[in-house]
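Engineer: Just the structure for this:
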Amino acid sequence: MLCVGNLAAQTWREKAAFPGALRDDAIGFHLNGFGYVGTGVSSGGIFNDDFYRYDPQFNSWQKVEHIKGLARQYCSSFATNTKGYIIGGILPDWSYTNEVQCYTPETNSWELVAPLPINPRYSALSFSIGNTGYVGGGRNLNESFNDFWAFNALQNEWEQKEDLPNGSRYEAIGFSIGGFGFFGLGKQVNGNSFNDFWKYTPTTDRWTRLADFPGKISTYAISFSHGIFGYICTGIDELGVTINEFWRYNSQTDQWLLLPNPAFGNLRGTSTFTLDNCTYITTGKDETNTRVEHTWAFCSDKESELTAIIYPNPASNVLTIDLIHLYREGQLFIYNVQGRLMHQLDVTENQNSYPINLHGFNAGIYCIKIVDKDLKPLLSTKFIKR
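Structural biologist: Modelled structure (predicted):
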């Protein structure tokens with residue numbers, strides 16, 4: 001097996017500001033070439049029930065019909081081929097709901113559909129694959145959850161699936177790529193945080209563990225996917241500090257790559273939607289706890305990339321790591337699964353190939369991490385020693 005990792009150049013562009021009240025913990029989804037953002041909480045603890053539509057062609061926002069019933073925050077959301085859905089959340093009296101509402105763009109209307117058939121909750125992860133939406137985890141006042149549910153939009157029915165692995169959690173991230181679901185991160189009510197990452201296969205209803213997330217982001221992040229890549233950015237770390245990391249996951253090579261910091265700075269509690277090859281991020285709070293109105297678009301491009309090619313994999317005696325488009329000095333570390341440092345070396349733009357003698361390495365899985373001279377992570381991948 002040949003492992004390949006890369007670090008793509010990225011583009012962020014500022015777009016028309018969100019027109020509604022400043023807010024955080026709103027939710028978003030996309031339908032028919034438009035983005036939708038609504039709910040959330042504003043200054044003074046004011047909960048919102050309004051929704052807005054973004055038109056990328058004219059870079060403009062328009063108010064649409066507000067949701068039914070009470071305003072709310074910390075909802076989950078997903079979109080099927082024709083409709084958008086919001087699930088759960090916290091209501092103005094600080095009670096929780098398992099209500100599900102469905103938005104139909106042709107009629108600009110919301111309707112109540114089958115509720116989540118389990119404990120009311122907020123901050124659950126969500127994603128969709130075709131006409132099926134998935135919701136899992138979340139929390140109430142006293143506990144977090146690990147149950148996982150699929151919603152059949154055509155039949156208006158929920159079906160329980162295999163539980164989220166490795167513990168209950170809330171504020172985890174989720175996205176889908178190529179008919180598979182992905183989830184990770186999050187936190188428990190007792191304060192325990194996670195950096196694990198998993199793939200869900202709908203046809204077998206099974207979770208498979210992948211390479212752990214190597215960054216500092218813990219909760220209140222956003223995630224999205226373009227093509228074979230998944231992305232995680234914004235959010236807070238385990239200490240509650242708002243940060244500005246941006247990571248890309250390669251679903252074909254099971255590798256994480258640190259991308260340049262987004263232009264919008266440190267944010268948490270943002271909302272997002274994806275249109276074609278561009279993802280839009282809006283609302284949220286900055287590191288001073290100030291709510292923002294800015295909208296930013298991230299669009300994939302094909303500029304030169306930092307690439308790590310690892311071979312042979314599995315390896316017996318010597319592993320070779322070729323680095324392409326490395327434009328800075330750094331270090332390469334190899335760890336075993338217990339976290340013990342097995343090997344380290346300096347890497348430089350003046351050398352492309354690095355052979356590693358595996359004498360003394362027991363058979364098993366090893367993690368490769370590459371950092372710059374300031375120890376900032378650049379790449380994380382793994383190999384197998386026979």
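Engineer: and Pro117, what does it touch?
Structural biologist: Shown in contact with Pro117 (Cβ atoms under 8 Å, 6 or more residues apart in numbering): 98, 149, 158, 160. Quick note: C-beta positions are derived from backbone N, CA and C, even for glycine.
Engineer: Okay, and the beta partners of the closest residue to Asn140 other than its chain neighbours?
Structural biologist: In this structure, Asn140 finds its nearest non-sequential neighbour in Tyr96, 5.2 Å apart by Cβ to Cβ, 6 or more residues apart in numbering. Residues in a beta bridge with Tyr96, per DSSP bridges, are Ile90.
Engineer: can you map out the strands along the stretch 251-386 of the chain?
Structural biologist: Taking DSSP state E, counting those that start in this stretch, the strands of the stretch 251-386 of the chain run over residues 255-258, 267-268, 271-275, 278-282, 285-286, 295-299, 305-311, 318-324, 330-336, 341-347, 353-357, 364-372, 377-385.
Engineer: what's in contact with the fourth one?
Structural biologist: Residues outside strand 278-282 that contact it (Cβ under 8 Å, 6+ apart) are 15, 18, 28, 35, 37, 54, 56, 222, 224, 226, 231, 233-234, 262, 264, 267, 270-274, 293-300.
Engineer: which among those end up buried?
Structural biologist: Neighbour-count burial (16 or more other Cβ atoms under 10 Å) applied to the contacts of strand 278-282 gives 15, 18, 28, 35, 37, 54, 56, 222, 224, 226, 231, 233-234, 262, 264, 267, 270-274, 294-298, 300.
Engineer: where in the chain is pLDDT low?
Structural biologist: For the chain, applying pLDDT under 70 flags the ranges 1-10, 301-307, 324-325, 327.
Engineer: if I averaged out where everything in it sits, which residue would be nearest that spot?
Structural biologist: The residue lying closest to the centre of the chain (Cα atoms, centre = their mean) is Ser223, at 2.3 Å.
Engineer: pretty sure Arg268 contacts Tyr220?
Structural biologist: Yes. Arg268 lies in contact with Tyr220 (Cβ atoms under 8 Å); the separation is 4.3 Å.
Engineer: Overlap of the contact sets of these two?
Structural biologist: Contacts common to Arg268 and Tyr220, judged by Cβ under 8 Å, 6+ apart, are 234-236.
Engineer: closest to Val189 among the residues you listed?
Structural biologist: The closest of the shared contacts of Arg268 and Tyr220 to Val189 turns out to be Ile236 (Cβ to Cβ; 16.1 Å).
Engineer: how many other residues sit next to that closest one?
Structural biologist: 23 (other Cβ atoms under 10 Å).
Engineer: The residue nearest to Asn140 reaches Phe145, doesn't it?
Structural biologist: No. If you go by Cβ under 8 Å, Tyr96 and Phe145 don't touch, sitting 11.3 Å apart.
Engineer: any common contacting residues for these two?
Structural biologist: Listed contacts common to Tyr96 and Phe145 are 119, 121; contacts here mean Cβ under 8 Å, 6+ apart.
Engineer: State whether Tyr249 is indeed within a strand.
Structural biologist: Yes. The assignment for Tyr249 is a strand, going by DSSP: H, G, I helix; E, B strand; the rest coil.
Engineer: How about the contacts made by Glu171?
Structural biologist: Counting by Cβ under 8 Å, 6+ apart, Glu171 touches 123, 185-187, 219-221.
Engineer: now with 6 Å?
Structural biologist: Listed by Cβ atoms under 6 Å, 6 or more residues apart in numbering, the contact set of Glu171 reads 123, 186-187, 219-220.
Engineer: helix, strand or coil for Gly44?
Structural biologist: What three-state DSSP gives for Gly44 is helix.
Engineer: Cool, thanks, talk later.
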